[in-house]
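Undergrad: My questions are about this predicted structure, shown below with the sequence.
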Amino acid sequence: MTETMQQPALSAPQAAPWRISQRRIVAFRKKFWVLVLFLPPALLLFTTLVVLPMGEAAWYSFYRWNGYGLPTEWIGWRNYEQMFRHGAFQQALINNAWVIVASIGVQVPLALWLATMLVKKIAGAVVFRLLFFMPFILADVAAGLIWSFVYEGDYGLAGGIAKFLGVQAPFLLDDPNTAMSAVLAVIVWKYFGFHMMLFIAGLQAIDRDLLEAADIDGATRWQKFRYVTLPMLASTVRLSAFFAIVGSLQMFDMIMPLTGGGPANATQTMVTYLYNFGVARMQVGFGSAVGVVLFVICVVMAFGYKRIFMRND
Amino acid sequence: MTSLQTQEGGRRLDIRTRTAIYAALLLVAAFVVVPLVTTALGGFKTFNELRANPFGLPGDWQWQNYGDIIVSQRYWLQMWNSLVMALLTVVLTVTFSAMAAFVFAHVTFVGSRFLLNYFLLGLMFPAATGILPLFIRIRDLGLIDTYWGVVLPQVAFGLGMSILLCRNYFRNMPKELFDAAFVDGCGYIRFFWYVPLPLARPIIATVGIIAFVGSWNSYIIPLIMLNDERMFPWPLGVMIYQGEYATEWQLVLAFITLTILPTFIAFILAQRHVIAGLTAGAVK
């Protein structure tokens, strides 16, 4: 299609504004039906179920409301005040940060390390890749349930190991001091395979001539990794970290079967907090306020991250 | 053979490195596999054996644990619910996003860029943020405890990513195709149906896989939109089951194993497509 056909009648530079050329009318008529039939389904669904609820959340967040009738009890910023003063909410923010730290500090290096081994020509590489990717395809709920059995001190694996060693069985998920670490281990278990696949794809895209050149220059294996592979993987590392952040902000499905946010709110995340204190108690105003804060964090993260780290990608 | 060459520029690895690599890989493999295998085996044990011997093979295989579940109506009902909701989600997501993406890729109109960015907004925040107003909307539409009450929000939240993937794919098709068709006097809609859509099969498969896996594993939206147990998809069903049989872990383990079994079978059968689909959605 040429430029002249693309521009709608309004911006026609050569014709007088009141005389629309025949060609344009034909082009517009052609477009009319496709626009009227193809866009509205997506637009309607997206607007009513994604965009409007977000706007309504901002509106409801200033009310105390149980969800029936119309919100009438305006309470200003009190929902927000109450939330930021609530210890459980502060804990949720800290836990979200912990998920990001564990992902970037443990998961990404682990995934990168495994990826560098599995791109090599070794027997069984394909099987290992599949195996490591397997937890990722499991539902978070299933992963959470399986690990709640693993951590179970009476019947589970933790109990079995403790019995084998002849020590008192630990109940990691029931102790506020250890529960969050236990949850983080499950997150690493579930997601490292996904990050590994990203790194394998990234490693395969690296130009082999560079590594051969380094070989000829007598670089050690570590030097090759540090000065050739790692810089070439920088954009994959940033992408991987980005997913870790997005995943942290959504973390919910896995926490529910493991701890439900407990014990004593030790494992709340933003979304479990929203569920436990907003949805479960049908406090629409309060829950909406939590949603708004989560939204703001997501948007700031998305824009901030793009601006600071992904400028060149 | 270049594609098969190793990182070390084609040299074979010496025995020591090889051993170290395998040791590390096996260690990680154990970390991945042990929870899964003990779960599956635990389902074959009696309660007392599970307590005495959580590791290792069952002394006396309790096929009954699995048998009772597999003939129960409850298991098949929740699998059916999950399947129906996943299929509806896939069909709607693919249809709506392919149509919208085609418009964004090939029909120019005022505000096209703005509208595309509007959809991409949806990529930025999770469904949980507006979940309460969403619940109220679905309730007011009378869709609580229906498949649509779960499917429509899932489709709506999948649109951003799917439209982006499809649009990039449509845009990369050769322009000559379009010029030729338009010279022949073909309308946009007929053209869409006969030319780009059949060519777009790979991206439709990708979008479909992402939508299916997302819906199959989805938890928070059904949790909020469904109260009636007969409508529950398996992630809700398995949680309820665990709540009911909390003291009989062997049954819970058998139930978990059976619910995740279809996922594993599908993954093994279509691993290439699944991995490609799920990572493509991430990278693009």
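TA: Alright, I've got the coordinates. Residues are numbered from 1 along each chain as shown, chains lettered A, B, ... in the order given.

Undergrad: Check the secondary structure at the residue nearest the centre of chain B for me.
TA: Against the mean C-alpha coordinate of chain B, by C-alpha atoms, centre = their mean, the closest residue is B:V213 at 1.0 Å. Following DSSP: H, G, I helix; E, B strand; the rest coil, the label given to B:V213 is helix.

Undergrad: Quick check: it vs B:L197, distance?
TA: Distance of B:V213 to B:L197, computed by C-beta to C-beta, to the nearest Å: 23 Å. Where you see a C-beta, it was placed from the backbone N, CA and C, and this is true even at glycine.

Undergrad: Could you do A:A115 as well?
TA: A:A115 is 36 Å from B:L197, by C-beta to C-beta.

Undergrad: any low-confidence regions in the chain?
TA: Let's take chain A. Within chain A, the segments meeting pLDDT under 70 span A:1-27, A:309-313.

Undergrad: think we crossed wires, I meant chain B
TA: Residues of chain B meeting the criterion pLDDT under 70: B:1-13, B:280-284.

Undergrad: and with 80 instead?
TA: Filtered on pLDDT under 80, chain B yields the residue ranges B:1-14, B:51-56, B:174-187, B:246-247, B:270-284.

Undergrad: how about stretch A:31-41: buried residues?
TA: Buried residues in stretch A:31-41, counted by 16 or more other C-beta atoms under 10 Å in any protein chain shown: A:K31, A:V34, A:L35, A:F38, A:L39, A:P41.

Undergrad: Select the longest helix from chain B.
TA: helix B:73-106 (DSSP state H).

Undergrad: Name the next helix or strand following that one along the chain.
TA: helix B:112-120 (DSSP states H and E).

Undergrad: anything in that following helix near chain A?
TA: Yes. Helix B:112-120 lies within reach of chain A by C-beta under 8 Å from any C-beta of the partner chain, at B:L115, B:Y118, B:F119.

Undergrad: buried sites along the longest helix of chain B?
TA: Residues B:75, B:77-79, B:81-90, B:92-94, B:96-106 are the ones in helix B:73-106 that count as buried (16+ other C-beta under 10 Å).

Undergrad: ok, residues contacting whatever helix or strand B:L251 lives in?
TA: Counting by DSSP H and E, the element that carries B:L251 is helix B:249-269. Helix B:249-269 has contacts (C-beta atoms under 8 Å, 6 or more residues apart in numbering or on different chains) with A:134, A:137-139, A:142, A:145-146, A:149, A:152, A:155-156, B:39-40, B:42-47, B:50, B:62, B:65-66, B:69-70, B:75, B:78-79, B:216, B:234, B:237-238, B:241-242, B:245-246, B:274.

Undergrad: run the last query once more with 7 Å
TA: Outside helix B:249-269, the residues that touch it by C-beta atoms under 7 Å, 6 or more residues apart in numbering or on different chains are A:137-138, A:142, A:145-146, A:149, A:155, B:39-40, B:42-43, B:45-47, B:50, B:65-66, B:69-70, B:75, B:234, B:238, B:241-242, B:245, B:274.

Undergrad: got it, and stretch A:283-291?
TA: Contacts for stretch A:283-291 (C-beta under 7 Å, 6+ apart): A:57, A:60-61, A:63-67, A:71, A:79-80, A:83, A:273-274, A:277-279, B:129-133.

Undergrad: just the CA coordinates of stretch A:36-45, formatted as CSV?
TA: Provided in CSV are the C-alpha atoms of stretch A:36-45 (Å, rounded to 0.1, in the frame of the first residue of the first chain):
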residue,chain,number,x,y,z
VAL,A,36,-15.9,-2.3,12.2
LEU,A,37,-15.7,-6.1,12.3
PHE,A,38,-12.2,-6.9,13.4
LEU,A,39,-11.3,-4.4,16.1
PRO,A,40,-14.4,-4.2,18.4
PRO,A,41,-14.3,-7.7,19.9
ALA,A,42,-10.8,-7.3,21.2
LEU,A,43,-11.4,-3.6,22.1
LEU,A,44,-14.6,-4.3,24.0
LEU,A,45,-13.3,-7.2,26.0
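
Undergrad: Quick check on B:P235: phi, psi?
TA: Dihedral pair for B:P235: phi -60, psi -30, per degrees, to the nearest 10.

Undergrad: Ok, A:R64 next?
TA: When read as degrees, to the nearest 10, the backbone of A:R64 gives phi -100, psi 120.

Undergrad: Not including adjacent chain positions, what is the nearest residue to it?
TA: With sequence-adjacent residues excluded and distances taken as C-beta to C-beta, 6 or more residues apart in numbering or on different chains, A:R64 is closest to A:E73, at 4.5 Å.

Undergrad: and that neighbour, how many neighbours?
TA: By other C-beta atoms under 10 Å in any protein chain shown, 10 other residues sit near A:E73.

Undergrad: same deal with A:M134?
TA: 19.

Undergrad: Distance from the chain centre to the longest helix of chain B, please.
TA: 11 Å (C-alpha atoms, centre = their mean, to the nearest Å).

Undergrad: quick check, that helix touching chain A?
TA: Yes. For helix B:73-106, a contact with chain A is found by C-beta under 7 Å from any C-beta of the partner chain, at B:F96, B:S97, B:M99, B:A100, B:F102, B:V103.

Undergrad: Nearest to B:R18, out of these: which one, please.
TA: The closest of the residues of helix B:73-106 next to chain A to B:R18 turns out to be B:S97 (C-beta to C-beta; 46.7 Å).

Undergrad: and the closest residue to that closest one other than its chain neighbours, what element?
TA: The shortest distance from B:S97 to any non-neighbouring residue, by C-beta to C-beta, 6+ apart, is to B:S162 (3.6 Å). If you go by DSSP H and E, B:S162 is part of helix B:147-171.

Undergrad: in that helix, what's buried?
TA: Buried residues in helix B:147-171 (16+ other C-beta under 10 Å): B:147-167, B:169-170.

Undergrad: how about B:P153, what does it touch?
TA: Counting by C-beta under 7 Å, 6+ apart, B:P153 has contacts A:L49, B:A127, B:L134, B:I138, B:I221.
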